[in-house]
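Chemist: how would this look folded up:
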Amino acid sequence: MRWTRTAAVLAAVLALGLLPALPAAAAPGPAVELSRAEGGKGGEVTVSGSGWKPGALLMLLICGRAAPGKGVIGGTNSCANTEGRAATVDARGAFSAKLPVAEPPEPCPCVVHVAGVTGQQDAVDREFAVAGHPVEPLPEASGDGRLAVLAAVRLDGSSGLLTWFGAPPAREVVFTVGNLGSAPVKDPVFEVGSSHGVFAPQYEERQWRGTIAPGRKALVRLPVELTAGAHGDYQVSVRYGGKVLVEQPWGVGRPWGVTLFWLLLAVVVPAALFRIGMAVVDRVRPAAGPARARPRARPRTVPLARLRTRAPGPAREAAPGGPGDDEPTAVLPWFSPDSAPSAPESSPTTKGHA
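Modeler: Model (predicted):
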């Protein structure tokens, strides 16, 4: 009886110790459910999901040339992007949104593609048939080739003068891959994307020309370009077969040439407008009237050295002189005949008289 109770206690303790580990091991990942498996253009399908990160922003698209487990061949270029919708995950990790049915640019098989834009960046595809849309088989896989990055990643290239004035920054992401599979990989198609801040990268296809035999490696160079005027901290990602192979940070400087251009424009334009305004004012200003008083001329100042005294009496005969005699002769006022004192005609002198 005692051994039975001891065994029961030990079993209870082991059960309590294992209970917290069971939910973590069975924690489900992001899931997506559709209200219908087929729809025609112009209709709607309700997309709901669970197990997503609370508060994450999701992107909902209908994509062609895709299948669950194989991803979307061609990336978002194979999706009806203009008819896509966004959804926000609630506090319980669930969401629900209505997605209009549209024909993707690629033939079916089609899927409803749900991918995280901010926060959790998982992607889930659910098979969906678009009525009336062409259907073609998916391209065959090139074999069991598996690519893996073998060496450090780097960004080659530099910014030129045009980039300083706002041109799109461009680089080449360079990395070495090796084929770890049993079949060669011919002309692999990589997806290159760049992200800034909390936003998920927007991928674009880049095809590398060449064949990588099993057990061999190759140096891959893929171009990457940002938008015009981009600056700040970016991250370049390279994906192959739905798996991210490369993540490389990229610090982009501010295009100071654009700032200098606007500063010069702020100085030149007001100056030009001022000059134009002054020219207009000078042209439309009325002319001076006839009744306007003319300014009086200032009297001419004659140097003292050129003043000459003229003796009172009859005028002297004009004698020929030099060219300087044509100038007017000034008379000192205190030697004028009118100002001299008059003396009597006969004035006896007292000199010698008693």
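Chemist: neighbours of the residue nearest to V189 when sequence neighbours are not counted, just the number please.
Modeler: Spatially, and ignoring its direct neighbours in sequence, V189 is nearest to Q207 (4.9 Å; CB to CB, 6 or more residues apart in numbering). In short, each C-beta sits where N, CA and C put it, glycine included. With neighbours defined by other CB atoms under 10 Å, the count for Q207 comes to 10.
Chemist: tell me how far Q207 lies from L155.
Modeler: Q207 sits 20 Å away from L155, taking CB to CB, to the nearest Å as the criterion.
Chemist: ok, the residue nearest to V189 touching D187?
Modeler: Yes - here Q207 reaches D187: they are 6.0 Å apart, a contact under CB atoms under 8 Å.
Chemist: average pLDDT for stretch 53-69, rounded please.
Modeler: The average pLDDT within stretch 53-69 is 89.
Chemist: can you give me the end-to-end distance of it?
Modeler: 21 Å (CA to CA, to the nearest Å).
Chemist: same deal with stretch 207-221?
Modeler: 10 Å.
Chemist: so that it lines up with my notes, have the first residue be 27 from now on.
Modeler: From this message on, residue numbering opens at 27, which makes the last subject stretch 233-247.
Chemist: quick check: mean pLDDT of it?
Modeler: Here the average pLDDT along stretch 233-247 is 88.
Chemist: buried residues, that stretch. List them.
Modeler: 234, 238, 240, 243-244, 246 (16 or more other CB atoms under 10 Å).
Chemist: restricted to strands, list those residues.
Modeler: Judged by DSSP state E, strands contain the following of these: 238, 243-244, 246.
Chemist: which one of those residues sits closest to A120?
Modeler: When these are ranked by distance to A120 (CB to CB), V246 comes first, at 40.1 Å.
Chemist: state the next helix or strand along the chain beyond the least confident helix or strand in the chain by mean pLDDT.
Modeler: Ranking every helix and strand in the chain by mean pLDDT, DSSP states H and E puts helix 47-51 at the bottom, with a mean of 40. Downstream of helix 47-51, the next assigned helix or strand under DSSP states H and E is strand 57-60.
Chemist: quick one: strands adjacent to that following strand?
Modeler: strand 70-76 (antiparallel) (DSSP bridges).
Chemist: check which element follows the strand it pairs with along the chain.
Modeler: strand 83-89.
Chemist: can you show me the CA trace of stretch 199-209 as CSV?
Modeler: Extracted C-alpha coordinates of stretch 199-209, given in CSV (Å, rounded to 0.1, in the frame of the first residue of the first chain):
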residue,chain,number,x,y,z
VAL,A,199,25.9,42.6,-53.2
VAL,A,200,28.7,40.0,-53.5
PHE,A,201,28.7,36.6,-51.8
THR,A,202,30.0,33.1,-52.4
VAL,A,203,27.5,30.2,-52.6
GLY,A,204,28.1,26.5,-52.7
ASN,A,205,25.9,23.7,-54.0
LEU,A,206,25.3,21.3,-51.1
GLY,A,207,22.8,19.1,-53.1
SER,A,208,23.2,16.2,-55.4
ALA,A,209,22.1,18.0,-58.6
